[in-house]
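1. Sequence plus the predicted model coming up.
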Amino acid sequence: MASSPSFAEGASAIQVNQVGFPPAAAKWAAVPAATEAAAFTVVDASTGREAYRGTLGPAKPWEPAQESFRLADFSALKLPGSYRLHVDGAADSPVFSIAADAYSALNAGALRAYYFNRASIELEPKYAGAWARPAGHSDTKVLVHASAAGPGRPEGTVISSPKGWYDAGDYNKYIVNSGITVYTLLAAYEHFPDFFKRQNLNLPESGDGLPDILNEALWNLEWMLTMQDPADGGVYSKLTNKGFDGIVMPQQATAERYVVQKTTAAALDFAAVMATASRIFSGFEAQRPGLAARMRTAALAAWAWAGQHPNVLYKQPPDIHTGGYDDQQLEDEFAWAAAELYITTRDDAFYKAIKADRVPAVVPGWNTVNGLAWMSLAHHRARLTAAADQRLIADRINGLAASLAAVWSSSPYRVGMQTADFNWGSNSGLLNQAVMLIQGYRLSGDRRQLDAAQSALDYVMGRNPLGTSMVTGFGIRSPQHPHHRPSEADGVDAPVPGFIVGGPNAGLNDAKDCQVPYPSKVPAKAWLDHMCSYASNEVAINWNAPLVYVSAALQALTPSP
């Protein structure tokens, strides 16, 4: 299997966001320190004429890359166009654009990746192009696993649980990871509705009266609703095979499917997402009659189940060998679910249940969701009841955003990544930092926080020591062999577009399973563009969600020149 250009090839060139920038965005590029030139130029990509000239910063070492860089700041260039950076002694940068709609195509691509990962539907050529495929996993005959059995549904009961997204490079569906994923998409719409109302993703549902981001989210929400046991409100943690499929297309994966164990984490994530969705879909009653009320009822039932079963942790059954998402700490899930139910119902009892003074604001992840509670409370602060502590809400968001911006400001590479951050899914960790920086900017107007969020997007789009865009199909150099079964098995040379891969992972967790070595063990370069690399090159629905949020937010929030 051929690989895309190695990190060494990318690192020899100027590193820059390979998609581009809104006109008034902060704009940075990184240049190898060996370059002796004092200045850089930005030239028009079509004419070669100089559009901007600036002075290179001093060479500074960036510890995660074990390398030194010089930064080029060309934020003052705001004229729309296509450009490249030139520095004597270095290969020119990839071409990038400056445009008011700089991230429209990237955002649409990141959202359409969810369509490509849908279960239970044929992907027709008019929507999927070269990546068309037959339907896989109808999931209309799913077995209740022994771990999920209950009085109304004994082991072996057949239920129907269609739709939903394949979670990552595999073909299973997980409630806990759906939680942060769907929430982030819904929050993107809730925060920037005008951006998404103008968007047409060429989905089968396009033109039905719903913004397409909601059409796509609804595909997974409707599956999530089927995962709630109607007898007691509990929520199954996942729908899965007993083991991972081989490298086959969805329609070729025919193993029996099971719903597995109800857990407190699944119930709480479900409750939070359904409470969020119910308030959004209440604005689309004409298009989806009764849906908002159904979601609200489901959220309340799941909350009640969690209250009666406050510490049911996921325990992998001995005959199940797929992902666990086995969260062992549930205080943050209780806080997040309570916050969403409080915002939706305006019932002060839910605010009390948050226990807000004990809940920190941290960068979110699938198993650390307390930051999502503060994100929602901050967005809705104007309509909260008197029970809410407005100062605490602002302090939590502003404190986290200020600390993240401080790390960015002090970084010699101008990115908020430190050595310890290069772990599994490092790209999404940085994008989730950007999500919280954006919440701070929306509250405080501190431009440093917006610029730090911009740098996070720059990093995943090519201003990184690999010189590589981390999103399939975007940029001059991007992943060609993600750990994603359809991309590997479909016979199409190019991978399914729009997916962000996990990114450099100093743990090298899959090295023993890969037939080729990692090109580097340096934390910021420990990435392998090979199907075998599930630890650095897999895709996942929760990793794409902050890419959707951040690309929309930066285009919507960056001030006009």
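-> That came through fine.
2. Going along the chain from the lowest-mean-pLDDT helix or strand in the chain, find the next helix or strand for me.
-> Counting by mean pLDDT, DSSP states H and E, the chain has its least confident helix or strand at helix 7-11, which shows a mean of 43. For helix 7-11, the succeeding helix or strand toward the C-terminus, using DSSP states H and E, is strand 20-21.
3. For that following strand, which outside residues touch it?
-> Strand 20-21 has contacts (C-beta atoms under 8 Å, 6 or more residues apart in numbering) with 27, 96-99, 102, 454. C-beta: built from backbone N, CA, C; applies to glycine.
4. run the last query once more with 10 Å
-> Under the criterion C-beta atoms under 10 Å, 6 or more residues apart in numbering, residues 27-28, 74-75, 77-78, 80-83, 95-99, 101-103, 106, 454, 457-458, 461, 554-555, 558 lie in contact with strand 20-21.
5. where does this protein have low pLDDT?
-> In the predicted model, the chain carries pLDDT under 70 at residues 1-12.
6. Show me which of the contacts of strand 20-21 are buried.
-> With burial judged by 16 or more other C-beta atoms under 10 Å, the buried subset of those is 27-28, 74, 77-78, 81, 83, 95-99, 102-103, 106, 454, 457-458, 461, 554-555, 558.
7. you'd agree A456 is up against P546?
-> Yes - shown here, A456 and P546 form a contact pair, counting by C-beta atoms under 10 Å, at 9.0 Å.
8. Common neighbours of these two, please.
-> By C-beta under 10 Å, 6+ apart, A456 and P546 have these common neighbours: 427, 429-435, 438.
9. Tell me how far H86 lies from D73.
-> Note on H86: its distance to D73, by C-beta to C-beta, to the nearest Å, is 15 Å.
10. who's more crowded, the two?
-> Neighbours per residue (other C-beta atoms under 10 Å) separate H86 from D73, with H86 holding more: 19 against 16.
11. How about the contacts made by the more buried one?
-> H86 sits next to 14, 37, 39-43, 48, 50, 53, 92-93 when contact means C-beta under 10 Å, 6+ apart.
12. Determine the set of other helices and strands touching the longest helix along the chain.
-> Of all segments of type helix in the chain, defined using DSSP state H, the longest is helix 390-410. Contacts defined by 3 or more C-beta pairs under 10 Å, 6 or more residues apart in numbering; DSSP states H and E place helix 390-410 against helix 370-379, helix 426-444, helix 447-460.
13. Return the list of helices and strands in contact with the second one.
-> Read it as helix 426-444. Applying 3+ C-beta pairs under 10 Å, 6+ apart, one finds that helix 426-444 contacts helix 175-191, helix 370-379, helix 390-410, helix 447-460, helix 541-557.
14. Now do it against helix 541-557: the angle between them, please.
-> Angle, helix 426-444 to helix 541-557, by axes from the mean of the first three to the mean of the last three C-alpha atoms, to 10 degrees: 40 degrees.
15. Please spell out which residues along helix 426-444 are buried.
-> Residues 426-444 are the ones in helix 426-444 that count as buried (16+ other C-beta under 10 Å).
16. ok but L218 is inside a helix, no?
-> Yes - the assignment for L218 (DSSP: H, G, I helix; E, B strand; the rest coil) places it in a helix.
17. which non-adjacent residue is nearest it?
-> Distances taken as C-beta to C-beta, 6 or more residues apart in numbering place L210 nearest to L218, at 7.3 Å, with adjacent residues excluded.
18. thought the one you found was touching R288?
-> Yes - counting by C-beta under 10 Å, L210 touches R288, with 7.5 Å between them.
19. check which helix or strand covers G89.
-> For G89, there is no enclosing helix or strand under DSSP H and E.
20. what about it, distance to A552?
-> As judged by C-beta to C-beta, G89 and A552 stand 38 Å apart.
21. quick one: which of those two has more around it?
-> A552 (25 against 10).
22. Now do the same contact list for the closest residue to M461 other than its chain neighbours.
-> Leaving aside its sequence neighbours, M461 sits nearest to N17 (C-beta to C-beta, 6+ apart; 4.4 Å). Counting by C-beta under 10 Å, 6+ apart, N17 touches 25, 27-29, 93-94, 96-97, 102-103, 454-455, 457-464, 469, 475.
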